[in-house]
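> what's the 3D shape of this:
(2 chains)
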Amino acid sequence: MPSNLMSGAQVVLECLQREKVEVIFGYPGGVTLPLYDAIFDGPIKHVLVRHEQNAAFAAQGYARTTGKVGVCCATSGPGATNLVTGLVDAMMDSIPIVAITGQVTSKLIGSDAFQEADTFGITRSGTKHNFLVKNLAELPRAIHEAFHIASTGRPGPVLVDITKDCFTANGHYTPVSSIHLPGYRVYTDGHAGQMRRAAQAMLDAHRPLVYAGGGIIHSGASDELRKLVETIDAPAVTTLMALGALPANHPNFISMPGMHGSYAANMAMTETDLLIALGSRFDDRVTGRLSAFAPHAKVIHVDIDPAEVGKIRVPDVPIVGDVKKVLQKILEELGALADQKEKNAPARAQWWGQVKEWQRLHPLAPVFSNDEIKPQHLMAEIDRLSGGEAIVCSDVGQHQMWAAQLIKFNHPRLWINSGGLGSMGFGLPSALGAQFARPDKLVFAICGDGGFQMSIPELATIANQQLPVKIIVMNNGYLGMVRQWQELFYNNRLSQVQLDTFPEPEKLAGAYGFKGRTVERPSQLRKALEDAVNEPGPYLLNVKVSPFENVYPMVPAGGAVNEMVLGAPQPVEVA
Amino acid sequence: MLQLISVLLENKPGALMRVTGLLSARGYNIESLTVARTMDPELSRMSIVVDVEPNQRSQVIKQMNKLINVLQASDLSEGPAVRREMALVRVRSTMQNRTAILKEAEIFGARAVDSSVEGFALEATGDPEKLDEFIDVMRSYGEIEVTRSGLVVVSLDNKKLRLAPPVPKEVEAPLI
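Below you'll find the model as predicted:
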């Protein structure tokens, strides 16, 4: 292949183009000047965010929405350290992003040079892998390997730290024809014997339950999941990371399990005799007290990461593999065993009767009031407007839980949120990335008044890029989730949780050149939301909700999931 | 009880840090660590002795095996393996006890690698318990100074090394 003399910076962009990168979310700085000089020529679209952390979150929004690798970019030192939260967040939720950071000139490394930080060391534990590149000759391989590692196996963030002299060096793009990482073993196929055992166990079970996690979404296994729950007619719960993996209107879908999961989901988890864990990782927010979690169940655990299998709960049928491939194989096995399908029909009918009864007893239902907007009312209205089709990017806190409980998703990759790390400030920048990826989609950013104020600078990016994100601030004047815990577990001593100053949304949005308003009356909520959605550009809707509403059901930390607190005592008045 | 881990890893900057970082992130203290190149200069072999809670041992091995730079991590705490450590001991001697020191060293299979009017430098090899004893004995002769290599271990099992094959990479030139 003919290759002309290029700068290292141009080589970076050549690599990104070959990886079919459409957009870089980034922020320039001293040592990335050569890279930005190459970006100036415009081979790849660059979105200038207002803080590096949000570059990583926006890249995640893009990656979570599309399944493609998201790319972010920052300069050395503070630029790179600002990325860290976004990288760790991607690590926790297994999101494929590649971060390009600049490093000081190789000769200056270790000299406490201006804007020097040990990015390679700092990001070691927060990435799936990272690279420090000092020579142009190593650059193409490092970047292509980064994309390979980020997007295969259990996805995750990969960082490539590139020295300034590498950006400025002149050389060639050397094509990379194969990736050879002998230590990077990815097992996708699953063990044939175990898959056969899994299929048999599914038929033998009296009270089977599918517990689907984010792996279903990463693997693109929604169709297989649907076929499985239909074939074995099992109820299914999907974790916070997997909402939409099974359509919310599917008759087998129960809801989310865990700390703020539904009564039916948690009871089913407790009573099941076969827990079918698919791309889920037995997170502590799902299991509650481990000794009381699914105590009667045999466990089938399918995960592409061998370290997840047996990490929390030792499974009876461990299967390391890509959940899509594994489910295809298990469906084949089930097909061959079709004659056994009805063998436990009476027990199954009883199980379904029990699950329906739990659903009937304590459904996840919105709460309404004539005097104030209940947060649940807000989520129900957003759900109505979405119809299961909108992209909803959530921040972290009470609103996230209410949104997860009450907004329905009919497809994967519509529900975008920071699950594992729980990073406040995630909502707005991830919505920016999501809207960029899907300009055709209605995108809501649902934030609390706390998380929103962490990411306010990105209003500029949203305005500047003309992204029609509908920003819905669920404003209760508190850091609601912390307040809830202080109320319930710290004698209602509300310490540093009151957010009594909030910018006027008309003025705030107006300052960036788009519309915003506040809505306080329940009777005006629907119209206000419709106005926001009908606005062609971005919109900031500040929804004042009742300040002391708590998220229920709730499994207290360390509690068993079947010992949920189902509802509130009377709200406590605070002077 | 201490866990003994043998790691075959790529001889690259940062690879060592990734392995030790896994342990330090979990608050585990490394008792000893040795690392050196293998016959293949692109690979290194590490032997780690570390205090890991028993129920976390297999998790630690799995996490190490997940590291891109790690070709194989194995737990050699139990099972057939040869474990050795070297100690270099400087002992101050008087003119009277010089012969006794050398005799004692001989019992432990240690040899003198330096001799001066102040005393000897002795080199001893063995399992850690034997070295403990040797050091104790030498201490009885006078002031000593000790440097231990840390444990090195070789498995006597033929464990198959499973490596990822090269993956073809399709990277087309961008359309201009």
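
> my guess is residue A:558 meets residue A:289, correct?
Yes: between residue A:558 and residue A:289 there is a contact at 5.6 Å, judged by Cβ atoms under 8 Å. C-beta coordinates here come from the backbone N, C-alpha and C atoms, glycine included.

> who has more neighbours, those two?
When residue A:558 and residue A:289 are compared for neighbours, residue A:289 comes out ahead with 15 against 9, by other Cβ atoms under 10 Å in any protein chain shown.

> return the distance of the helix or strand where residue A:59 lies from the chain's centre.
Per DSSP states H and E, residue A:59 falls inside helix A:52-66. Distance of helix A:52-66 from its chain centroid, counting by Cα atoms, centre = their mean, to the nearest Å, is 10 Å.

> and after that helix, which helix or strand comes next?
Tracing the chain past helix A:52-66, the next element assigned as helix or strand by DSSP H and E is strand A:70-74.

> pull the residues that contact that next one.
Residues outside strand A:70-74 that contact it (Cβ atoms under 8 Å, 6 or more residues apart in numbering or on different chains) are A:16, A:21, A:23-27, A:29, A:32, A:35, A:46, A:52, A:55-56, A:58-63, A:80, A:82-83, A:86, A:95-102, A:433.

> please apply the same query to stretch B:25-41.
Residues contacting stretch B:25-41 (Cβ under 8 Å, 6+ apart): A:125, B:2, B:8, B:11, B:16, B:20, B:23-24, B:43-52, B:56, B:60, B:85, B:148-152.

> show me where pLDDT drops low in the chain?
Using chain A here. A:1-3, A:569-575 (pLDDT under 70).

> switch to chain B, please.
For chain B, applying pLDDT under 70 flags the ranges B:171-176.

> can you give me the strands in it?
For chain B, the strands defined by DSSP state E cover B:3-10, B:30-37, B:43-50, B:70-75, B:81-92, B:111-115, B:119-126, B:144-148, B:152-155, B:167-168.

> per-domain residue ranges of chain B.
B:2-78, B:82-152 (automatic domain parsing).

> and the shortest one, how far from the chain's centre?
Counting by Cα atoms, centre = their mean, domain B:82-152 is centred 19 Å from the centre of its parent chain.

> is it true that residue A:552 touches residue A:488?
No: with contact defined as Cβ under 8 Å, residue A:552 does not reach residue A:488; the gap is 10.5 Å.

> where does chain B come near chain A, residue by residue?
B:9-10, B:13-14, B:17-18, B:21, B:25, B:58-59, B:62-63, B:65-71, B:162-169, B:171-174 (Cβ under 8 Å from any Cβ of the partner chain).

> how about 6 Å then?
Those residues of chain B that sit near chain A, judged by Cβ under 6 Å from any Cβ of the partner chain, are B:21, B:25, B:59, B:62-63, B:66, B:68-71, B:163-164, B:166-169, B:171, B:174.

> re the thing from before, redo the domains of chain B as TSV? Include mean neighbour count.
Formatted as TSV, the domains of chain B follow (neighbours: other Cβ atoms under 10 Å in any protein chain shown):
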stretch	mean neighbour count
domain B:2-78	17
domain B:82-152	16
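
> in space, what's closest to the most centrally placed residue in chain A - neighbours in sequence excluded?
Nearest to the mean C-alpha position of chain A, by Cα atoms, centre = their mean, lies residue A:417 at 4.0 Å. Leaving aside its sequence neighbours, residue A:417 sits nearest to residue A:394 (Cβ to Cβ, 6 or more residues apart in numbering or on different chains; 4.1 Å).

> which residues touch that neighbour?
Contacts here follow Cβ atoms under 6 Å, 6 or more residues apart in numbering or on different chains; on that basis residue A:394 touches A:400, A:403, A:417, A:427, A:446.

> and it, backbone torsions?
phi -110, psi 150 (degrees, to the nearest 10).

> then residue A:400?
phi -60, psi -40.

> how close does the residue nearest to it when sequence neighbours are not counted get to residue A:198?
Distances taken as Cβ to Cβ, 6+ apart place residue A:394 nearest to residue A:400, at 4.5 Å, with adjacent residues excluded. Computed as Cβ to Cβ, to the nearest Å, the residue A:394 to residue A:198 distance reads 33 Å.
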